[in-house]
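**Q** With the sequence up front, the predicted model follows.
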Amino acid sequence: MSWPVVRMLKSFKRTLRRLFSKPVTVHYPEETSSVSERFRGRIVLDMEACIGCTLCSQACPNGTDCMNVVPGRSQGNNKRGLWPRVNIVQCMYCGLCEEVCPTDAIFLTPEFRTSRTDRAKFDYDSIQLSKTESELALEGQKELEGGL
């Protein structure tokens, strides 16, 4: 009978110890916590280095990385004219696309701010993948200002 009471007192002691320590949470938009060096965040594409080999699309375990043709884009090294398109909501950020890319054209950055209000805007085409989130946010603000 005394065992549950002892366990309860130990957990209460841990709670009291944490009660007077510094809080772990941060006020997110104003301040951010540091991310680890191996953190895999937003996917970025170097369109000049991409050769359209489709290995990233083949390596994707849940099929969020698919290849598409970008109209009006000069092909350069990309003989097929195919570039990755990623749905970042379905992406698991496993990094397999980064590992199989022979030219290191697709890579994951430590950037983690990818908030949107429209679900359709989470499907990033290759042009959106080549920009940073802050550039995309500025474009979104310009669209809103132009629409008002």
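**A** Structure received.

**Q** From here on, just use CA atoms for contacts and neighbour counts.
**A** Will do.

**Q** Quick one: end-to-end length of stretch 70-80, please.
**A** End-to-end distance for stretch 70-80: 11 Å, by CA to CA, to the nearest Å.

**Q** Let me see the mean pLDDT of it.
**A** Mean per-residue pLDDT for stretch 70-80: 73.

**Q** Just after the helix or strand harbouring V5, pick out the following helix or strand.
**A** Following DSSP states H and E, one finds V5 within helix 2-19. For helix 2-19, the following helix or strand on the C-terminal side (DSSP H and E) is strand 43-45.

**Q** Check which residues of stretch 107-122 are buried.
**A** By 16 or more other CA atoms under 10 Å, the buried positions in stretch 107-122 come out as 107-108, 122.

**Q** Would you reformat the residues you listed as a markdown table and include secondary structure and pLDDT?
**A** Formatted as a markdown table, those follow (DSSP: H, G, I helix; E, B strand; the rest coil; pLDDT from 0 to 100):
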| residue | secondary structure | pLDDT |
| --- | --- | --- |
| F107 | strand | 89 |
| L108 | strand | 88 |
| F122 | helix | 78 |
